[in-house]
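> what follows is a protein structure lacking sequence information:
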């Protein structure tokens, strides 16, 4: 049973056709990596799942609700879908702890004590319990992204979406974020990840989706995709991204 | 020309009372203006066209009309609206709150626009409504970013409150003006109140400058 299902999704930015007839299913508990050249529509695609980006036509079913239907309570749905951004987007005026507890308290109506207890647990899980009283500006990029992941997990989402979570990080910080994501993948949560980290895809993804010019060109297991890509464009992409000069 | 400064100390009680009214008018207009201005700024930035048009019409009207005309205008119109005479002082409170809201609106609008779009996305992605996003994420940051501008506008507002003397209200300048005419000490009185306005405004603006550098460090 799929937990995310794209049915003939199209998206235009004015004249620009950025998503072309995308149909895609993601099963519960599946870890799917979406890759493709820049400008291929990957970020747009992942942002349509919780309607940060509205679609032009088609249907997207998330946890049995059509997100494009205006009768869907989109805020309630978003609360069940965690989203991690390329640029973290932590709240700079709030401490790490408050960043994590704000939504559980205001959206989930949890008590402050319960929310803080949970937040501390999550911070331990991402290795940052000692930073709970720090402000985002006092953290490195890698630490901020780990807090952002904890913030998403605090809502106990059924799905976690990652939009290029390591692209804005210095190279030495990528590993710590990927490690947290690997641990998360093993926990059984459904994950959709837009990334250029092919090592991550190879190790933990169940499936790789290759997108180019707004079209899904290939879907395969990582083993298949990396050893025997079917389309020329995927071959070209892999050659560029895996070359040692990159 | 003979200057007689001896009447100034004798006038201090009346000046003090006028001063208190000036301060209370400034404080009320700043507070009400900031609240109303924030709502106007949200309306101006709204994607609901009629709402943003009404808000921008409001701002343009008051920003393009001399304050002294607005003061007279409200003084004449307000009694018709509420059906009884309102008095110079109450009229001044209402006028300044409504007039200043237009200026505070533009400041708050700049503040809201200074917050990166990613902050809104982050809130939305967690399930926040528009109102929750504004209240917990956008406005606290926007407000902090524009505190120096809000205070600067309040200093200008403090000086502008002297215009209520045209209604015969006894603010600091109104009090000075009345005594000046009674005692025939126009120059002495005007110089005295000018110094008072200057000292307060000058030191407040120094304070704002200091605050500004502090906020810049936090950011």
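Yep, that arrived. Predicted model, so just to flag it, every value in this text is computed and none were measured.

> buried sites along the top helix by length along chain A?
The longest helix of chain A (DSSP state H) is helix A:171-186. Of all the residues in helix A:171-186, those buried under the rule 16 or more other C-beta atoms under 10 Å in any protein chain shown are A:173-174, A:176-178, A:180-181, A:184-185. No exception for glycine: its C-beta is placed from N, CA and C like everyone else's.

> what's the closest non-adjacent residue to residue A:213?
Distances taken as C-beta to C-beta, 6 or more residues apart in numbering or on different chains place residue A:40 nearest to residue A:213, at 6.2 Å, with adjacent residues excluded.

> let me see the mean pLDDT of the helix or strand harbouring residue B:25.
Using DSSP states H and E, residue B:25 sits within helix B:12-44. Throughout helix B:12-44, pLDDT has a mean value of 96.

> quick one, phi psi at the most centrally placed residue in chain A?
Nearest to the geometric centre of chain A sits residue A:162, at 1.5 Å (C-alpha atoms, centre = their mean). Dihedral pair for residue A:162: phi -120, psi 120, per degrees, to the nearest 10.

> for it, give its distance to chain B.
Per C-beta to the nearest C-beta, to the nearest Å, residue A:162 is found 12 Å from chain B.

> how far away from the center of its chain is the host helix or strand of residue B:80?
If you go by DSSP H and E, residue B:80 is part of helix B:67-82. The chain centre lies 17 Å from the centre of helix B:67-82; the measure is C-alpha atoms, centre = their mean, to the nearest Å.

> rewinding a little: and the next helix or strand past the longest helix of chain A?
Going down the chain from helix A:171-186, the next helix or strand is strand A:190-194, by DSSP H and E.

> tell me the strands beside that following strand, with direction?
Paired strands of strand A:190-194, with direction, are strand A:31-35 (parallel), strand A:159-163 (parallel) (DSSP bridges).

> what's the mean pLDDT across the first one?
Per-region confidence: strand A:31-35 scores 97 on mean pLDDT.

> what's the angle from that strand to helix A:171-186?
140 degrees (axes from the mean of the first three to the mean of the last three C-alpha atoms, to 10 degrees).

> residue of chain A closest to chain B, please.
Residue of chain A nearest chain B, by C-beta to the nearest C-beta: residue A:79 (3.2 Å).

> just the pLDDT for that residue.
On the pLDDT scale, residue A:79 gets 96.

> surely it and residue B:127 touch.
Yes - assessed by C-beta atoms under 8 Å, residue A:79 is found in contact with residue B:127 at 3.2 Å.

> centre of the chain to stretch B:56-75, how far?
For stretch B:56-75, the distance to the chain centre is 13 Å (C-alpha atoms, centre = their mean).

> and the helix or strand bottoming out on mean pLDDT in chain A, what does it pack onto?
In chain A, the helix or strand scored least confidently by mean pLDDT, DSSP states H and E is helix A:232-242, which has a mean of 91. On a contact count with 3 or more C-beta pairs under 8 Å, 6 or more residues apart in numbering or on different chains; DSSP states H and E, helix A:232-242 meets helix A:198-204, strand A:207-212, strand A:215-220.

> flag the shaky bits of chain A, pLDDT-wise.
A:244-246 (pLDDT under 70).

> what does it put close to chain B?
Contacts of chain A with chain B, taken as C-beta under 8 Å from any C-beta of the partner chain, map to A:50, A:52, A:75-79, A:81-83, A:85, A:87, A:89-93, A:102-103, A:106-107, A:151-152, A:155.

> of those residues, just the buried ones, ChimeraX syntax please.
Only the buried entries of the residues of chain A next to chain B go into this ChimeraX selection, using 16+ other C-beta under 10 Å:
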select /A:50,52,77,78,79,81,82,83,85,87,89,90,91,92,93,102,103,106,107,151,152,155
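
> in stretch B:103-110, what's buried?
Neighbour-count burial for stretch B:103-110, with 16+ other C-beta under 10 Å as criterion, is recorded at B:103-109.

> contacts only, for residue 85.
Reading this off chain A. The contact partners of residue A:85, taken as C-beta atoms under 8 Å, 6 or more residues apart in numbering or on different chains, are A:148, A:163, A:165, B:118, B:121-122, B:125.

> please refer instead to chain B.
residue B:79.

> got the phi and psi for the spatially most distant residue from the centre of chain A?
Distance from the centre of chain A peaks at residue A:113, with 28.4 Å (C-alpha atoms, centre = their mean). Recorded main-chain torsions at residue A:113 are phi -60, psi -50, according to degrees, to the nearest 10.

> if I look at it, how far off is residue A:104?
11 Å (C-beta to C-beta, to the nearest Å).

> just give me the neighbour total for residue 125.
Since no chain was named, I'll use chain A. Residues lying near residue A:125 (other C-beta atoms under 10 Å in any protein chain shown) number 17.

> that answer is for a different chain, and I need it for chain B
27.

> how about the residue lying closest to it once chain neighbours are set aside, secondary structure?
Counting by C-beta to C-beta, 6+ apart, residue A:83 is the residue found nearest to residue B:125 once chain neighbours are left out, at 3.8 Å. When classified by DSSP: H, G, I helix; E, B strand; the rest coil, residue A:83 comes out as strand.

> so which of the helices and strands packed on helix A:232-242 is the most surrounded?
A comparison of the helices and strands packed on helix A:232-242 by mean neighbour count, using mean count of other C-beta atoms under 10 Å in any protein chain shown, puts strand A:207-212 on top with a mean of 23.

> given that strand, what are its sheet partners and their directions?
By DSSP bridges, strand A:207-212 pairs with strand A:31-35 (parallel), strand A:215-220 (antiparallel).

> next structured bit after the last one?
Pointing back at strand A:215-220 there. Counting by DSSP H and E, what follows strand A:215-220 is helix A:222-227.

> so residue A:133: helix, strand or coil?
Relying on three-state DSSP, one would call residue A:133 coil.

> what about the helices in chain B?
Going by DSSP H, chain B shows helices at B:7-10, B:12-44, B:49-63, B:67-82, B:88-113, B:117-125, B:130-132, B:139-160, B:172-183, B:186-218.
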